[in-house]
Structures are given as structure tokens and as C-alpha cells.
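[1] give me a model of this one.
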Amino acid sequence: MTNGNGAPPEAASPPQLNVLAQYTKDLSFENPNAPASLGPQPQPPSINIQINVNANNIAENEYEVALLIEGKAENNGKVMFSFDLTYAGVFRIVNVPPENLHPLIMIECPRLLFPFAREIIATSVRDGGFPPLMLDPVDFVGLYRQNMERQAAVAQAAQVKPS
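    Numbers count the residues shown, from 1 in each chain. Modelled structure (predicted):
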């Protein structure tokens, strides 16, 4: 028995995930209240971070995956700093079953990009006059599940709407 190209089935190519490129697509850092925000503060700032993942098929077996990270630090109602980073990569994915492709793109690809995005944010915050902001590791599996549940709820709500 062969797999159609004369090779035995056990010689089928294994799944592959290759990073073809990675890059900063967009970066904004704002320090709107400097120099007043740079001095000692009466209390630690509250920091809010939002993370999203987008993906686009750009060629056969090639996907651009973008990690979007927004953050803001506030103290006593004043913004100390804010940032917006879109860090992306182009990935070639071959020999992956269709049912595994979406989770691979939305979980593993951003997991590979995250350490680089984390470093860019830490450096930008440090260069803005603050201690480097070291983001905690992200549970991309949990983020994926939340997004899938949200999409399912939206789809279900759309089906229930009266005409």
C-alpha cells in the first residue's frame, strides 16, 4: 500500500510550522504627563493590559498572525503611560489536519511571538522613563477558548433573534 506518491504511508511528511518572518507592524508609546509622571508616586499605578490575536491566510500554507497588545498605567486618575503594539509573524504550516489548523494558528503562533513582543514593551516602557514592564506569560489556550465561547454565544444570539 502506498500514500499516492509511491511512498509507504508511514513515510508521510510530518506536520511543520516554520516562522518565515516576524516584525513590529505598529508601535505607539505615550507618556502624556511627563515629566510630572516620572517622579516618585504615592502609590503603585494600576496597569490594564488587553491582548488579542488576529490571523490572515496570505498564501497557500502561509499565515500572518498578529499579536495585539494594548496597555495603560494610571495613578490617581492620570495616565502615566500607554502603549499599543501589533507584533506579527508569517508562518508556513504544512501537513496539519484541517481540524487542528485553527488552534495551531491561534495558540502556537502567538506563543512563539509573545517573548519578542514582551521585550519590545519592556524596552519601550523603560525608554519612556519607567521601570521595564515585564508582562506575565499569557495562557493562549485559555484566550482561544474564551474567544471561541464568545463567538459561539454571538452566533447563538444571532439565530435566536426574531425576524
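[2] okay, CA-based contacts and neighbour counts for the rest of this
    OK.
[3] phi, psi for the residue most central in space within the chain please.
    Centroid check for the chain by Cα atoms, centre = their mean gives residue 67 as the closest residue, at 2.6 Å. In terms of degrees, to the nearest 10, the main-chain angles of residue 67 are phi -100, psi 120.
[4] that one contacts residue 50, doesn't it?
    No. Taking contacts as Cα atoms under 8 Å, residue 67 lies outside contact range of residue 50: 10.5 Å.
[5] now do the end-to-end distance for stretch 55-67.
    When the termini of stretch 55-67 are compared using Cα to Cα, to the nearest Å, they are 9 Å apart.
[6] any buried residues in that stretch, and which?
    Under the neighbour-count criterion of 16 or more other Cα atoms under 10 Å, stretch 55-67 has 55, 62-67 buried.
[7] pull the number of nearby residues for residue 147.
    For residue 147, the count of nearby residues is 14 (other Cα atoms under 10 Å).
[8] what of residue 17?
    Other residues within reach of residue 17, judged by other Cα under 10 Å, total 17.
[9] what about the buried residues of stretch 55-67, which are in helices?
    Assigned to helices by DSSP state H, none of the buried residues of stretch 55-67 qualify.
[10] can I get these in TSV including distance to residue 21 and pLDDT?
    TSV is the format used below for these (distance: Cα to Cα, whole Å; pLDDT from 0 to 100):
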residue	distance to residue 21	pLDDT
55	14	96
62	11	97
63	11	98
64	9	98
65	10	98
66	12	98
67	14	97
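[11] contacting residues around the nearest residue to residue 78 once chain neighbours are set aside?
    Among residues not flanking residue 78 along the chain, residue 33 sits closest, at 7.8 Å (Cα to Cα, 6 or more residues apart in numbering). Going by Cα atoms under 8 Å, 6 or more residues apart in numbering, residue 33 touches 78-80.
[12] quick check: the residue nearest to the centre of the chain vs residue 73, distance?
    Remark: distance between residue 67 and residue 73 (Cα to Cα) = 20 Å.
[13] so is residue 157 in a helix, a strand, or just coil?
    helix (DSSP: H, G, I helix; E, B strand; the rest coil).
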